[in-house]
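**Q** build me a structure from this.
(3 chains)
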Amino acid sequence: MPKNNEFFDEVYQVVRLVPKGRVTTYGAIGKFLGSAKSARMVGWAMNNSHHQLPPLPAHRVVNRTGVLTGMHHFSNNNSMAELLKKEGIEVIENQIVNFKKYFWDPSENLGLQP
DNA sequence: ACCATGACGTTTC
DNA sequence: CGAAACGCCATGG
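**A** Below you'll find the predicted structure:
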């Protein structure tokens, strides 16, 4: 059983703060938490996110290339891409189009929030 | 205690 | 420019 460190909670918080129609990356979250080198831990935390209530919008979290690498961890593989499309994000073959445009950086938004 | 794996990212060849 | 290797940290066998 994984330890419930605040690291996990922070990850979940950031993911929940991602606005609709936006996406963030594991690296960005890790960097925001101060563990930029440990992007893997963010992904690992997300794997544990299945325990969290309510279910996290994990479909808004992708890798730095904008590929829906985590879709295999969803109940239904299509749900992740479908949810993103539903929010106005164009997704083709698990690849977000104009990913940079939809990218939402917590450090820029939470840190410089007016 | 060691090796292998992972929803990643950066650097090197 | 594309592929491979390395680094990071934690978990499981």
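
**Q** could you check how far residue A:44 is from DNA strand C?
**A** 6 Å (C-beta to the nearest atom of the strand, to the nearest Å). In short, each C-beta sits where N, CA and C put it, glycine included.

**Q** looking at this, that residue is in a helix?
**A** Yes: assigned with DSSP: H, G, I helix; E, B strand; the rest coil, residue A:44 falls within a helix.

**Q** pull the number of nearby residues for it.
**A** 16 (other C-beta atoms under 10 Å).

**Q** kindly report the same for the one 10 residues further on.
**A** Each residue near residue A:54 was counted by other C-beta under 10 Å, and the total is 6.

**Q** tell me the phi and psi of it?
**A** Dihedral pair for residue A:54: phi -70, psi 170, per degrees, to the nearest 10.

**Q** and it, what is it in contact with?
**A** Shown in contact with residue A:54 (C-beta atoms under 8 Å, 6 or more residues apart in numbering): no residues.
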